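Participant: can you look at this prediction? I've put the sequence above it.
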Amino acid sequence: MTRIESTFETLKAQNKKALIPYVMAGDPSPNSFVDLLHDLVKHGADMIEVGLPFSDPMADGPTVALAGERALAGGTSTHQALAIVKKFREQDSSTPIILMGYLNPIEIIGYEAFIALCHESGVDGVLVVDLPPAESGNFVERLAAHDINKIFLLSPTTLPERRKQVMTHCGGYIYYVSLKGVTGSASLDTQAVGEQVQAIKQETNLPICVGFGIRDGQSAAAIGQYADGVIVGSELVKNFSGLSHTSRAEDIATAQASIMTKMDELRQALDALSA
């Protein structure tokens, strides 16, 4: 059983929903990022999605795209992102870490080398936005050999054939994209999302986690009624806007504190569902 699977099993036994924050590796500074990961866990993260900085992030909205630019400007590469995860693992051996990124940087490293680095660093899941499920079989098998889950996206516009392929190849959980568009997009129709999540649950036993458009405790709780977990990215990442790897430690700490305040709000809202 992988760390992701074990975490969801524990949450289910406790009748709790997963809170999964998304942060960009090395944003705003690689020097503060390990502490950020530990703080997220202290403030209720059940697992963490870590973005891999990339120069052409087609699915990222402006907030997350700027986070990637800050990380790249600070020198955070895919190799350094993995080194950060490895450092985090020195003190935390239980919180699942999922890498989310694009195919190009992985291909540059090479599939085998990337998977070996993930295993060595303590990565639990990999979500490659632009790797179609129909072309992922070999990659999925090689990840699974190291107890790493391959996560896939489903959205309101996913065609039936692709949906079937996702069900076949996905492990850990399914990431359901609640909105048509990029990260940080506009309004959330929780009833429509709920209907979609319930429909997906008829097709798979995998946990369904919903991301895109969750901004506060109210929207997290509304989605948490249907989903097994919520993923929150832009609402957290935006706190680092205007900062960089050259920013004062005090300014980064202030932004990080704002993120933790939001985490507390989200955690309390989700926990209230099972109270």
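Facilitator: Alright, I've got the coordinates.
Participant: show me the strands in the stretch 151-275 of the chain, by range?
Facilitator: For the stretch 151-275 of the chain, the strands defined by DSSP state E, counting those that start in this stretch occupy 174-177, 208-211, 229-232.
Participant: out of these, flag the one nearest residue 58.
Facilitator: Closest of the strands of the stretch 151-275 of the chain to residue 58 is strand 174-177, at 13.4 Å (criterion: Cβ to Cβ). All C-beta atoms are positioned from the backbone trio N, CA, C, and that covers glycine.
Participant: note down every partner strand of the closest one and its orientation.
Facilitator: strand 149-154 (parallel), strand 208-211 (parallel) (DSSP bridges).
Participant: thinking again about what came up before, what would the strands of the stretch 151-275 of the chain look like in a markdown table with distance to residue 249, mean neighbour count and mean pLDDT?
Facilitator: Below are these laid out as a markdown table (distance: least, Cβ to Cβ, whole Å; neighbours: other Cβ atoms under 10 Å; pLDDT from 0 to 100):
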| stretch | distance to residue 249 | mean neighbour count | mean pLDDT |
| --- | --- | --- | --- |
| strand 174-177 | 33 | 24 | 96 |
| strand 208-211 | 30 | 24 | 97 |
| strand 229-232 | 25 | 26 | 98 |
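Participant: can I get these in TSV including distance to residue 132?
Facilitator: Shown next, in TSV, are the strands of the stretch 151-275 of the chain (distance: least, Cβ to Cβ, whole Å):
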stretch	distance to residue 132
strand 174-177	15
strand 208-211	19
strand 229-232	21
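Participant: so, low pLDDT: which residues of the stretch 1-150 of the chain?
Facilitator: For the stretch 1-150 of the chain, applying pLDDT under 70 flags no range at all.
Participant: now the helices for it?
Facilitator: 3-13, 30-42, 62-73, 78-89, 103-109, 111-121, 137-144 (DSSP state H, counting those that start in this stretch).
Participant: mind giving me a markdown table with the strands paired with strand 174-177 and columns for distance to residue 252?
Facilitator: Formatted as a markdown table, those follow (distance: least, Cβ to Cβ, whole Å):
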| stretch | distance to residue 252 |
| --- | --- |
| strand 149-154 | 29 |
| strand 208-211 | 25 |
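Participant: of those, which is nearest residue 87?
Facilitator: strand 149-154 (21.8 Å).
Participant: the closest one to helix 137-144, inter-axis angle?
Facilitator: 130 degrees (axes from the mean of the first three to the mean of the last three Cα atoms, to 10 degrees).
Participant: now what about strand 149-154, what contacts it?
Facilitator: Outside strand 149-154, the residues that touch it by Cβ atoms under 8 Å, 6 or more residues apart in numbering are 2, 4-5, 98, 100, 124-129, 133, 136, 139-140, 143-144, 163, 166, 169-177, 200.
Participant: do the same with stretch 200-209
Facilitator: 8, 18, 20, 154, 163, 167, 170-176, 197, 227-231.
Participant: on that earlier part again, now, of the contacts of strand 149-154, which are buried?
Facilitator: By neighbour count, with 16 or more other Cβ atoms under 10 Å, those hold 2, 4-5, 98, 100, 124-129, 133, 136, 139-140, 143, 163, 166, 169-177, 200 as buried.
Participant: quick revisit: reformat the helices of the stretch 1-150 of the chain as a markdown table; add distance to residue 220.
Facilitator: Formatted as a markdown table, the helices of the stretch 1-150 of the chain follow (distance: least, Cβ to Cβ, whole Å):
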| stretch | distance to residue 220 |
| --- | --- |
| helix 3-13 | 15 |
| helix 30-42 | 15 |
| helix 62-73 | 18 |
| helix 78-89 | 24 |
| helix 103-109 | 30 |
| helix 111-121 | 29 |
| helix 137-144 | 29 |
